[in-house]
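Peer 1: 3D model of this:
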Amino acid sequence: MRLKKIEIELQYWGDDKGKYKGKIVFENGESDSFTFGMSPEVCVKYLRPIADEVINSAKELGNKLAESFTRELNQ
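Peer 2: This is a model prediction of the structure:
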């Protein structure tokens, strides 16, 4: 069984409004998954280790977009 996907989303409506809800999907031929609730404190523990990588990826994307716009405007 391999991990296929992890999602963590802030809920905007219903009974879970304002709460984080997570989903984990495994790659095992049967697409098993389960959903769980998370407090903001627990969510931070998962996001803190990847925060720098997310910021770097966003900067890279911004640079690529800026280069693309510059090329388009200079044609």
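Peer 1: Helix or strand next in line after the lowest-mean-pLDDT helix or strand in the chain, which one?
Peer 2: Lowest mean confidence among the helices and strands of the chain (mean pLDDT, DSSP states H and E): strand 33-38, at a mean of 79. Beyond strand 33-38 on the C-terminal side, the first helix or strand identified by DSSP states H and E is helix 40-47.
Peer 1: Check which residues of that following helix are buried.
Peer 2: By 16 or more other C-beta atoms under 10 Å, the buried positions in helix 40-47 come out as Cys43. From N, CA and C alone the C-beta is placed, and that goes for glycine too.
Peer 1: elements contacting it?
Peer 2: If you count contacts as 3 or more C-beta pairs under 8 Å, 6 or more residues apart in numbering; DSSP states H and E, helix 40-47 packs onto strand 2-10, strand 20-27.
Peer 1: other SSEs contacting the last one?
Peer 2: Under the contact definition 3+ C-beta pairs under 8 Å, 6+ apart, strand 20-27 sits against strand 2-10, strand 33-38, helix 40-47.
Peer 1: residue contacts, the residue lying closest to Glu7 once chain neighbours are set aside?
Peer 2: Computed as C-beta to C-beta, 6 or more residues apart in numbering, the closest residue to Glu7 that is not its neighbour in sequence is Lys23, at 4.6 Å. Counting by C-beta atoms under 8 Å, 6 or more residues apart in numbering, Lys23 makes contact with Lys5, Ile6, Glu7, Ser33, Phe34, Thr35, Phe36.
Peer 1: picking that back up, mean pLDDT and distance to Leu47 added to the helices and strands packed on helix 40-47, as JSON lines?
Peer 2: Shown next, in JSON lines, are those (pLDDT from 0 to 100; distance: least, C-beta to C-beta, whole Å):
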{"stretch": "strand 2-10", "mean pLDDT": "86", "distance to Leu47": "8"}
{"stretch": "strand 20-27", "mean pLDDT": "85", "distance to Leu47": "10"}
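Peer 1: Dump those into TSV; add distance to Gly62 as well.
Peer 2: Output for the helices and strands packed on helix 40-47, formatted as TSV (distance: least, C-beta to C-beta, whole Å):
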stretch	distance to Gly62
strand 2-10	23
strand 20-27	27
